[in-house]
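Pasting a predicted model and its sequence here:
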Amino acid sequence: MPNTNSTSQNTTTNQRCLNFVAASMMSGSGKFIAVISAYVLSRVAHHLLKPLSQPYITSDLLIGVFLASLPPVRDSFVNQLTLTLDNVVDFGMICYTFVLGLEMDPYVILKSPTRPAMMAYVGMLSTFIITCAVTPWLHYSKNTNMVTFTISLSFTLSGNGSHILTRLITNLKIGKSDIGKFGTVAGVHSDMITMFLLSIGFIFYPVENTARAQEGIKDVIKMVSALVIQTIVAAKISPIFMNWVNNENPEGKPLKGSHLVLSMAFMAVICTCAPWFGYNSFLSAFMAGLFLPSEGRISKWTISKINYLLSILFYPLLFFWVGLKVDLSSFQAGNIETWGRFFSLLLITTVGKVAGTVICGLLLGYHLPELIALGLLLTAKGHFHVYLAIHALRNGRIDMTTCISMVIVIFLTIVHTPFVVQYIIERARKRVPIHRMALQCLDPSSELRILLCVHGPHNLPSTINLTEISRGTPDPRLLVYVTDMIELTEQIAATLVQGEGVDNMTITDKSVTEMRNQISHAFQAYIDENGDGIALSRMLTLSTFSGMAQDLSVLADNLMVSLILLPFHKRPNADGTLDEGHPGFRYVNRKLLRNAPCSIGILVDRGFGITEKISRSSLANVAIIFIGGKDDREALAYAGRVAWHPGVKLTAIRFLVDKNSENAPRRENHRVSKAEQEEEMRLDDECFAEFYERYVAGGKVAYMEKHLANSSETYTNLRSLEGQYSLIIVGRGARANTMLTLGLNDWQQCPELGPVGDVLSGSGFACDTSILIIQQHSIKGKLDGLSDEFSIM
């Protein structure tokens, strides 16, 4: 029979050894490791939670509470060390409230309230009323004045964490939308008003010790006097000092160390005025920051540096401290009253904000679903609310179970916000029309709008030919906006004459006017002769090269064009080669390729229109090379219009991968997943099958297949096309993962043309073949096709 006493004794001894080892590890450097682990693990947890778009406060709170709740960690932080940590956290919260106030403008209260402000005020009022009506019956407080506690709790629940809400709305890319702006402004108003009321209320119902408020008017008068003096100094005297420092340290020059020290000392003195007379230190810091000037270099520097230190150092430490203060083992989960108080607190916080927002919003004429979503966003609390819950526990106003319930409720008000934002985006995507300005997405029954750009008269033959082959079917028509790209120089600026209207200017420079007249006459002569189904409009882009791309994008957006056709920055020489080109126009082209609101085409002109003028009675050989990818599909969509022209003999050349070839490369490009590759191949096959059925099977387009093994064979076949065609149409990007173009871009001279376009436009290619490179409209930077400035309210 086994000796149970011996086994039990061994188990006890092993447990003691483990406890001793754990305690030894946690002594000295072990405590440092525990704190560092909180920093490291919170960042790891944030990375893991990124697919859920959770803010940093979520991972900081989870990791901090979890680590500090481990028995070896908790036992190692004795009273003296905990007291030091208390002081560090209190100082950090003073910095937090100071910069919170510094980022706000208290004078907006004196202005007529905006609609977001109205929603914030009504949401606060409804939450305040519900809290005051319900909480006294639930006995959240312990050994404290019921009125004081209820009012303090009502103010706290009425507010929100504007820092958290603003950052979340910005990171999830709805900050420019109407509901994003509403949420940001309403959150700041709500946070500012509740903090201000808490600061004023502390004078009459002190947060530190409610019993002292009963001792007499003397303490109240002292705190009122100190707070008034502090506010006057911050609002009236500090701007004089701050303006002097800002004037001595202009933008672009390093801040002087002495001025920086003086400014920090000045701010610190203002923050400590009221606490000398018994006022709360972190509320004093908020009031000081609120009335200090928020504009100017020193204030902006202070905000950026303190926010950086808070996010990097303070927030993980704050929640580690929270984990030390709360004892999860003391949570009375088996008590039904605990859950009643918990869910009541959650419902008060949620229903109060949502009800107020919905009532006010409906009266202002907004939609109910968006109002509910906005109300849910405004429930989000922040770091200060967690600190207040622990502060109440430290001062014996609430018990451990109530404190833990409050922390969990605050966590739940934050964790749901990314899902609310996702709901908003999905609703906006259904309600807001999405216009993807690409040829492939163009309705065949609607007219094609092209912004045709020219540098000067030398572009006339090629652009007229390009207009001719782009006409497509007679119905619907082709609408062409011929736009002169003119650099705004000092000489031209001196000739500008103010016309009628604010933005209407007339160019009187003789060379510019003559050039524009020559272009207008040439296009008008073409329209008069072959203009059936084509409508022509003249435009002008007069700008510096740095701003020309933006002006063209705005023009294209306003005209709702589907394609911008640009001349290449290099011009053909007399022998057919290309010159060195104009760096300014190259910069414009490259910037437009990144930011244009529609598809882009760049024409490398090698005499397209000079050697032969395309008309309905002529016969021009044009080819479209299709390898794969969205740009090639866009080029194929453009080629479909070219195929309708009776004077064009179009040949579709498809490059296919020959995987069975001995020359096939063994390495593949793994920049995209296999699933994405298969999806791209499916789209390519569908697109080309439709093109084949419509044009090749009907005899309008000749077809040729090339089975190639690698990019070397691609290069050889491209070179074999020399002299066969007057124009070759290609997509800019092709497919990033295809082995047929892999390596072609290693020696690119002009990356803006793509790998195939760069080969065809290189100096080694035929001198009489022009190249049209097309890039499909990219929705990169948008919310999956939804503009980040969407309106849904």
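That came in fine, so what should we check first?

use CA for all of it now, contacts and neighbours both
OK.

max-length helix in the protein?
helix 336-364 (DSSP state H).

Which parts of it count as buried, going by neighbours?
Across helix 336-364, burial judged by 16 or more other CA atoms under 10 Å covers 338-339, 341-342, 344-346, 348-361.

cool, and stretch 526-539?
527, 531, 533-534, 536, 539.

could you redo these as CSV and give each row pLDDT and secondary structure?
What follows is those, written out as CSV (pLDDT from 0 to 100; DSSP: H, G, I helix; E, B strand; the rest coil):
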residue, pLDDT, secondary structure
527, 88, helix
531, 72, coil
533, 80, coil
534, 87, strand
536, 89, strand
539, 90, strand
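
Could you identify the most distant pair in the residues you listed?
533 and 539 (19.7 Å; CA to CA).

Could I get the CA-only coordinates of the first helix or strand past the longest helix of the chain going along the chain as PDB?
Next along the chain after helix 336-364, taking DSSP states H and E as the criterion, comes helix 368-377. The C-alpha trace of helix 368-377 is given here as PDB (Å, rounded to 0.1, in the frame of the first residue of the first chain):
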ATOM      1  CA  LEU A 368     -32.000  55.900 -37.200                       C
ATOM      2  CA  PRO A 369     -29.400  53.100 -37.900                       C
ATOM      3  CA  GLU A 370     -26.600  55.700 -38.200                       C
ATOM      4  CA  LEU A 371     -27.800  57.400 -34.900                       C
ATOM      5  CA  ILE A 372     -27.700  54.100 -33.100                       C
ATOM      6  CA  ALA A 373     -24.200  53.400 -34.400                       C
ATOM      7  CA  LEU A 374     -23.100  56.900 -33.400                       C
ATOM      8  CA  GLY A 375     -24.500  56.400 -29.900                       C
ATOM      9  CA  LEU A 376     -22.600  53.100 -29.500                       C
ATOM     10  CA  LEU A 377     -19.400  54.900 -30.600                       C
END
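
what angle do helix 368-377 and helix 336-364 make?
130 degrees (axes from the mean of the first three to the mean of the last three CA atoms, to 10 degrees).

So which elements touch helix 368-377?
helix 178-204, helix 336-364, helix 417-431 (3 or more CA pairs under 8 Å, 6 or more residues apart in numbering; DSSP states H and E).

for those, which one sits closest to residue 634?
Closest among those, using CA to CA: helix 417-431, at 23.8 Å.

If you count neighbours, what's buried in that closest one?
Within helix 417-431, judged by 16+ other CA under 10 Å, the buried ones are 417-418, 420-421, 424-425, 428-429.

Closest to the centroid, which residue in this structure?
Geometric centre of the chain, nearest residue: residue 173, 4.0 Å, by CA atoms, centre = their mean.

For residue 431, see how far away it is.
18 Å (CA to CA, to the nearest Å).

Could you do residue 317 as well?
44 Å.

And whatever helix or strand residue 315 lives in, what does it pack against?
According to DSSP H and E, residue 315 maps onto helix 315-325. Using 3+ CA pairs under 8 Å, 6+ apart, the elements in contact with helix 315-325 are helix 29-48, helix 56-69, helix 79-102, helix 383-394.

Make TSV from these and add distance to residue 602, mean neighbour count and mean pLDDT to it.
TSV is the format used below for those (distance: least, CA to CA, whole Å; neighbours: other CA atoms under 10 Å; pLDDT from 0 to 100):
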stretch	distance to residue 602	mean neighbour count	mean pLDDT
helix 29-48	41	17	83
helix 56-69	44	22	90
helix 79-102	50	18	86
helix 383-394	53	19	90
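
Tabulate those (JSON lines), appending distance to residue 204.
JSON lines is the format used below for the helices and strands packed on helix 315-325 (distance: least, CA to CA, whole Å):
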{"stretch": "helix 29-48", "distance to residue 204": "38"}
{"stretch": "helix 56-69", "distance to residue 204": "32"}
{"stretch": "helix 79-102", "distance to residue 204": "20"}
{"stretch": "helix 383-394", "distance to residue 204": "17"}
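
Among the ones you listed, which comes closest to residue 578?
Per CA to CA, nearest to residue 578 of these: helix 29-48, 50.0 Å.

Low-confidence regions, the stretch 451-600 of the chain specifically.
Confidence mapping of the stretch 451-600 of the chain against pLDDT under 70 gives the ranges 474, 498-505, 575-576.

Any idea which helix or strand in this protein has the lowest mean pLDDT?
helix 4-26 (a mean of 49; mean pLDDT, DSSP states H and E).

Which parts of this structure are strands?
448-454, 478-487, 496-498, 505-507, 534-543, 563-567, 599-604, 620-626, 648-657, 701-708, 727-731, 770-775 (DSSP state E).

for the ones you listed, which one sits closest to residue 36?
strand 770-775 (48.8 Å).

What are the contacting residues of that closest one?
The set of residues external to strand 770-775 that reach it, using CA atoms under 8 Å, 6 or more residues apart in numbering, is 593, 599-608, 631-632, 634-635, 726-733, 753, 757, 760-761.

Please look at residue 740 and residue 710 and confirm they touch.
Yes. Residue 740 sits in contact with residue 710 when judged by CA atoms under 8 Å, with a separation of 4.8 Å.

And those two? Which one has more around it.
Using other CA atoms under 10 Å, the more surrounded residue of residue 740 and residue 710 is residue 740, with 27 against 21.

Run through the residues that contact the more buried one.
627, 657, 708-714.

same check, this time on residue 589
Counting by CA under 8 Å, 6+ apart, residue 589 has contacts 549, 566, 568-569, 752.

Who's the closest spatial neighbour of residue 374, skipping the chain neighbours?
Spatially, and ignoring its direct neighbours in sequence, residue 374 is nearest to residue 183 (6.4 Å; CA to CA, 6 or more residues apart in numbering).

Next, work out how far apart the one you found and residue 698 are.
Taking CA to CA as the measure, residue 183 falls 57 Å from residue 698.
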